[in-house]
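Participant: Quick one, what's the 3D model for this:
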Amino acid sequence: MAAMTDATGPEPLGVCLVANVAQETGHGEGGSEIRKGLRHFAPGAKVWIAPPAWGDGGDCVIVAGRHRGNSRRYVRIVIKSRFLVNFRVHAVYSPALVRALTEAGPGEEKEFGARFLWDPEQAESWARSRNTPRTG
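Facilitator: Residues are numbered from 1 along each chain as shown. Sure thing, here's the model as predicted:
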């Protein structure tokens, strides 16, 4: 018999900022070379964004997502945040995703998730700021 969970479901390991890969991305000088998605992620692919790791203002971000060629495993890479759209906050339930984002070992997901996933208020703030159209 399967273990029963309470009516609210499983407890999340943390929260994370999530976005989709842009349908078209500009590369090369002045962004003149237009590609569908990115080399590692298809257009519209959902990626999970790790909290900022260095002080570049969020120009480059660490993301984990399902690779374009192998949708079973998560890959972790650094990409430019300008290639991402539709930022939002989601709860994280998958230990495999936490391992991909944090490089935690098996069994360390809860500890690493609590320390290396987003603070909910910070994630909401980033999502709002990234979804606001820039002027000037």
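Participant: mind listing what's buried in the longest helix along the chain?
Facilitator: Counting residues, the longest helix found in the chain (DSSP state H) is helix 120-131. By 16 or more other Cβ atoms under 10 Å, the buried positions in helix 120-131 come out as 123-124, 126-127, 130. The C-beta positions use only the backbone N, C-alpha and C, and glycine is treated the same way.
Participant: Would you map the helices across the protein?
Facilitator: 95-102, 109-116, 120-131.
Participant: Quick one, which of these gets closest to L13.
Facilitator: helix 109-116 (3.8 Å; Cβ to Cβ).
Participant: what is the rounded mean pLDDT of the closest one?
Facilitator: Mean pLDDT, helix 109-116: 60.
Participant: Neighbours of V75, how many?
Facilitator: 16 (other Cβ atoms under 10 Å).
Participant: for it, what are its contacts?
Facilitator: V75 is in contact with 40, 64-67, 100, counting by Cβ atoms under 8 Å, 6 or more residues apart in numbering.
Participant: For it, give its distance to T102.
Facilitator: 14 Å (Cβ to Cβ, to the nearest Å).
Participant: So which residue is smack in the middle of this protein?
Facilitator: Taking Cα atoms, centre = their mean, the centroid of the chain lies closest to W48, which sits 1.5 Å from it.
Participant: contacting residues for that one?
Facilitator: Taking Cβ under 8 Å, 6+ apart, one finds 16-18, 63-65, 90, 92, 97, 100-101 in contact with W48.
Participant: same thing with Y74?
Facilitator: Y74 neighbours (Cβ under 8 Å, 6+ apart): 64-67, 96-97, 99-100.
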